[in-house]
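Visitor: Output the structure for:
(one chain, ligands or ions: 1)
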Amino acid sequence: MLRTVTVKMHEGAHPQTCETDGVRESRILSVGELGSVPVATKIDDSDAVVWRTANGDIGVAARSCPHLDWDLCDAIVDGEALLCPGHGWSIDKSGRTYKSNEFGREDEKGTTPSWSASEREGGIWVTLDED
Ligand code: FES
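Guide: Numbers count the residues shown, from 1 in each chain. From the prediction side, this is the model:
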């Protein structure tokens, strides 16, 4: 098994990037930095928001709401998704964006950039790209 580890310096506090078997990942936070509220981070040059879902998974999406650019660090974790306080759109960890009405109907609103994330070695890692 080929394992290549490359450490690059980023402007943020978490400079580690590694590549394993053609999958490039970046460590974006320490696990202890993610509590019950969304946290801002940078992924390459993109502003992103990280949250822990009700099931304990990790969501990572673009920091600006795709509706009218509300800062999603101010969003509320609502089950598996973020609920934007601007106008009530929801963003799930796949980047799916929708608005729910009081009867449970979900109207699709498109998608926003998102990253798959995992926890290991005390950090939260996102997949940047795969060969
Ligand atoms: S700005 Fe987020 S729902 Fe309108």
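Visitor: Residue numbers of the chain in contact with the ligand?
Guide: The chain has residues Cys65, His67, Leu68, Trp70, Cys84, Gly86, His87, Gly88, Trp89 near the ligand, with proximity defined as Cβ under 6 Å from any ligand atom. Placement of C-beta: from N, CA and C, glycine included.
Visitor: List the residues that contact the last one.
Guide: To tie it back to what came earlier, the one meant is Trp89. Cys65, Pro66, His67, Leu83, Thr97, Tyr98, Lys99, Lys109 (Cβ atoms under 8 Å, 6 or more residues apart in numbering).
Visitor: mind listing what the first one touches?
Guide: The neighbourhood of Cys65, defined by Cβ under 8 Å, 6+ apart, consists of Asp71, Leu72, Ala75, Cys84, Gly86, Trp89, Ile91, Thr112.
Visitor: Share the number of residues neighbouring the nearest residue to Leu128 once chain neighbours are set aside, please.
Guide: Excluding its sequence neighbours, the residue lying closest to Leu128 (Cβ to Cβ, 6 or more residues apart in numbering) is Arg24, at 4.4 Å. Look at Arg24: counted by other Cβ atoms under 10 Å, it has 16 neighbours.
Visitor: you'd agree Arg24 is up against Thr17?
Guide: Yes - the pair Arg24 / Thr17 is scored as a contact, 6.6 Å apart, by Cβ atoms under 8 Å.
Visitor: what's the overlap in contacts for those two?
Guide: Leu128.
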